[in-house]
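1. Build the 3D model from these lines:
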Amino acid sequence: MHSHLTFFCELDGADLKKLFDNRFVYDDLKALGASVSMGILDFSDERVAVVRRFNQLGIPLKAWLLLSKDEGYWFNMENHAQALQRYADFKDWSDQHELRWSGIGLDIEPDINQMTDAYFLRTRALKKALQRYLSKNSLKQASLAYRKLAFTIKDDGYFLEAYHFPFIVDDRKAGSTVAQRLGGLVDVPVDREVLMLYSSLFQPLGNRILWSYAAEAQAIGIGSTGGGVVMDEAKLPKTLSWDEFATDLRLAWQSGKPVYVFSLEGCVEQDFLARLITFDWAGEVSLPQTGLVEKARTGLSGFLWLLERPLVMLAGMAGVVGAVIAIRSGKRQKKTPKK
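-> Numbers count the residues shown, from 1 in each chain. Got it, this is the predicted structure:
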């Protein structure tokens, strides 16, 4: 059994109630010693009832804060004011209903509407990304706002997590904020950072990316087993089969890091949750070959380093152009006949 297992659950109040009308879901979570990071999509009565049941059973429950789609859904560089308000509203709601949480999760991802534009190759997505790239001050303001939010959450006594795409690691290693600015992401000071290493999202490289980043992750997110928000008119992401899921679980376990699974509802739908009760975490697994991924990451870090320092890049380009001109000039002089 894995002692640090968390399931993401991303359902509105009505669907949440339906999922937990099956009492065996609670039983399986208790048997696994698992916790749940619940997406706070609403403050409904159904959600209050489910949270109270978690509290009664002693199952650790984290609040994964989310916004409306109109506000970008996930937290990012451009909606920090809404993020601060969301936490304040959540805190008032929790206090009013005496709900207990073992932690708070901040999901740092690009605006869902801009991700939809990028998916369909709409030019406005590129325009927004370039505007953010050219505005370091906007990132600075967002960073200060999220730092304030983080300190407020910790002062309220909560353990704080952030859910990030793995590329933020390469951005840091390059001494860069380019990936953050292009994607609208923010590096937030938290108690635990979970890298979303979903092999279903990174096909055909799959779990090669998972294994490449595992050593640098504080915690590993795997998936998807199904569920989750859908971008308007976008193709549904691939879901993992049991064999693919089991492989990713064992790889994550070998890292020795806490494991987060997206999603609980997908595991219930595919009957994965019950199978985990007797799952052999230490079973044999082939380690993915990561050579190609490591080379790509090295190239990405170098590219980010240059984009962070455009003057260096321009000086290099000027040097190359100057060298080419000098070479061509020398060749012309050699070809000029002597008088």
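
2. which residues make contact with the strand or helix carrying Thr116 from outside it?
-> Using DSSP states H and E, Thr116 falls within helix 112-119. The contact list for helix 112-119, computed with CB atoms under 8 Å, 6 or more residues apart in numbering, reads 69, 72-74, 109-110, 124-126, 128-129, 184, 229, 231-234. From N, CA and C alone the C-beta is placed, and that goes for glycine too.

3. hmm, who's touching the very next helix or strand once past it?
-> Next helix or strand after helix 112-119 toward the C-terminus (DSSP H and E): helix 123-133. If you take CB under 8 Å, 6+ apart as the criterion, helix 123-133 is touched by 77-78, 114, 117-118, 138-139, 178, 181-184, 307.

4. go on, stretch 27-38?
-> Residues contacting stretch 27-38 (CB under 8 Å, 6+ apart): 1-3, 5-9, 16, 47, 51, 54, 57, 59-64, 102-103, 105, 161, 260, 264, 273-274, 276-277.

5. If we use 7 Å, what do you get?
-> Around stretch 27-38, the neighbours that count as contacts under CB atoms under 7 Å, 6 or more residues apart in numbering are 1, 3, 5-9, 57, 59-64, 102, 105, 264, 273-274, 276-277.

6. Give me the buried subset of the residues you listed.
-> 5-9, 59-64, 102, 105, 264, 273, 276 (16 or more other CB atoms under 10 Å).

7. Could you list which of those belong to strands?
-> Leu5, Thr6, Phe7, Phe8, Cys9, Leu61, Lys62, Ala63, Trp64, Gly105 (DSSP state E).

8. gap between the first one and Trp253?
-> Counting by CB to CB, to the nearest Å, the separation of Leu5 from Trp253 is 10 Å.

9. Need the overlap of contacts for those two.
-> By CB under 7 Å, 6+ apart, the residues touching both Leu5 and Trp253 are Val259.

10. Which strand residues bridge the residue nearest the centre of the chain?
-> Taking CA atoms, centre = their mean as the criterion, His164 is the residue nearest the geometric centre of the chain, at 2.9 Å. Following DSSP bridges, His164 is listed with bridge partners Leu195.

11. which residues of the protein score low on pLDDT?
-> The chain contains residues with pLDDT under 70 at 1-3, 233, 311-339.

12. Reformat the contacts of helix 123-133 as CSV; add secondary structure.
-> Output for the contacts of helix 123-133, formatted as CSV (DSSP: H, G, I helix; E, B strand; the rest coil):
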residue, secondary structure
Met77, coil
Glu78, coil
Gln114, helix
Asp117, helix
Ala118, helix
Ser138, helix
Leu139, helix
Val178, helix
Arg181, helix
Leu182, helix
Gly183, helix
Gly184, coil
Leu307, helix
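
13. What is the most widely separated pair among the buried ones among the contacts of stretch 27-38?
-> Farthest apart among the buried ones among the contacts of stretch 27-38 by CB to CB are Ala63 and Leu276. That separation is 23.5 Å.

14. which stretches of this protein form strands?
-> Using DSSP E, strands in the chain cover 5-9, 35-40, 61-65, 103-107, 160-164, 192-196, 219-223, 259-262.

15. Adjacent strands (with direction) for the second one?
-> Translated: strand 35-40. Here strand 35-40 has these sheet partners by DSSP bridges: strand 5-9 (parallel), strand 61-65 (parallel).
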